[in-house]
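Novice: Structure for this input, please:
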Amino acid sequence: MADTTENTQVPEVSGLTVLTLENEVMALASLWQHQRIVLTFLRHFG
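Specialist: Take a look at the predicted model:
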């Protein structure tokens, strides 16, 4: 598989945070500092 990291476009997320499973606040951008990730947003209705 070819390395496509040079062509990857990352939106500006430096100010966004998420909650971990332990209810700790974490910077969203820190999730992919050391490895590749798959980031999925789910929305719950109802």
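Novice: ok, now which ones touch residue 20?
Specialist: For residue 20, the contacting residues are residue 26, by C-beta atoms under 8 Å, 6 or more residues apart in numbering. The C-beta positions use only the backbone N, C-alpha and C, and glycine is treated the same way.
Novice: Next one: it from residue 30, what distance?
Specialist: Taking C-beta to C-beta, to the nearest Å as the measure, residue 20 and residue 30 are separated by 11 Å.
Novice: cool, residue 40 as well?
Specialist: Taken as C-beta to C-beta, the spacing of residue 40 relative to residue 30 amounts to 17 Å.
Novice: Over to residue 31. Which of the three states is it?
Specialist: Look at residue 31: counting by DSSP: H, G, I helix; E, B strand; the rest coil, its state is helix.
Novice: Likewise for residue 18?
Specialist: Per three-state DSSP, the secondary structure class of residue 18 is strand.
Novice: and it, what does it touch?
Specialist: Taking C-beta under 8 Å, 6+ apart as the test, what residue 18 contacts is 25-26, 28, 31.
Novice: mind checking how far it is from residue 38?
Specialist: Residue 18 sits 15 Å away from residue 38, taking C-beta to C-beta as the criterion.
Novice: Equivalent analysis for residue 29, please.
Specialist: Counting by C-beta to C-beta, the separation of residue 29 from residue 38 is 15 Å.
Novice: Looking at these two, which one has more neighbours?
Specialist: Neighbour comparison, residue 29 and residue 38: the larger count goes to residue 29, with 14 against 5 (by other C-beta atoms under 10 Å).
Novice: which non-adjacent residue is nearest that one?
Specialist: Using C-beta to C-beta, 6 or more residues apart in numbering and skipping residues adjacent in sequence, the residue nearest residue 29 is residue 13, 5.2 Å away.
Novice: mind checking pLDDT for that neighbour?
Specialist: The pLDDT attached to residue 13 in the predicted structure is 74.
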